[in-house]
Each structure stands twice: as structure tokens, then as C-alpha cells.
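J.: Sequence and predicted structure below; questions after.
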Amino acid sequence: MGLRNEIWKRYYKEGFREFFRIATGFERPYPFQLDVAEKILTMSKGVLLLKAETGSGKTEAVVIPSLYKGTICIIVEPYRAIIEDLEERILKYLQNLSERFDIPYRLG
């Protein structure tokens, strides 16, 4: 895991920060979001369970690194209203990235 973390620190961290800014419109990720991103971007396989308070940025902490890496991200939520809110936010992130990088997007 040491080499993966070193590669993250040297090459991907700044690129991820810019990707995060473009996707979300936020100037920079919170420190815990960078920690989660590092875990996601340096994992070769596995499951990550994230628990944090409402409004803390959990969605961005897992969705944006998954988009950056091109991996599958499964989010489980108990209420339909939360899922609909997530869908709307993720669509906006995909639109922002599509406009910036001139690539099509889809949500399946």
C-alpha cells in the first residue's frame, strides 16, 4: 500500500483537486474528503463503508473519486427522497464534467 499512497501524493492529488472543483463547483475538498479519495483511488478492490453526519459531504467524498478513477460506486440510502436528491446532484456533476471535458455522460 505504501507505493500506491506515494503515487497518490506525487501525481494524482492535485489532479483530483482540480477534477473535484470542476465537478462540484466547490473550491476544494474537505480534508476528510481527500482522505476518502485517497483510500478509493489507491484501492485495487474492496468495499469502503463511510459514515458521517448529514450534510458533511459524504456523497462527494465517494462519488467524485469514483468518477475520477472510473469505478463503480454503489450508494445505499433508506429513503426515496434522499436518492432523488443524490441523483440530481450527481447529474449536475456529470454535466459539469461533460461540459469541461467535452465528453458524453449517462446515469444508469
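T.: On my side now, so go ahead.
J.: Mind telling me what element the spatially most central residue of the chain is part of?
T.: In the chain, the centroid-proximal residue (Cα atoms, centre = their mean) is residue 64; its distance is 1.8 Å. Residue 64 is part of helix 58-69 when elements are defined by DSSP states H and E.
J.: ok now that helix, how far from the chain's centre?
T.: Remark: helix 58-69 is offset 1 Å from the chain centroid, using Cα atoms, centre = their mean, to the nearest Å.
J.: For that helix, give me every contacting residue.
T.: 16, 19-20, 23-24, 26, 29-30, 32-33, 36-37, 40-41, 48, 50, 52, 72-73, 75, 86, 89-90, 93-94, 97 (Cβ atoms under 8 Å, 6 or more residues apart in numbering). Backbone N, C-alpha and C define where each C-beta goes, glycine included.
J.: from the middle of its chain, how far away would the longest helix seen in the chain be?
T.: Longest helix in the chain, counting residues (DSSP state H): helix 80-101. Using Cα atoms, centre = their mean, the distance from the centre of helix 80-101 to the centre of the chain it belongs to is 11 Å.
J.: what about residue 82, neighbour count?
T.: 13 (other Cβ atoms under 10 Å).
J.: which residues touch it?
T.: Applying Cβ under 8 Å, 6+ apart, no residues qualify as near residue 82.
J.: at 10 Å what do you get?
T.: With contact set as Cβ atoms under 10 Å, 6 or more residues apart in numbering, residue 82 has these partners: 54, 59, 75.
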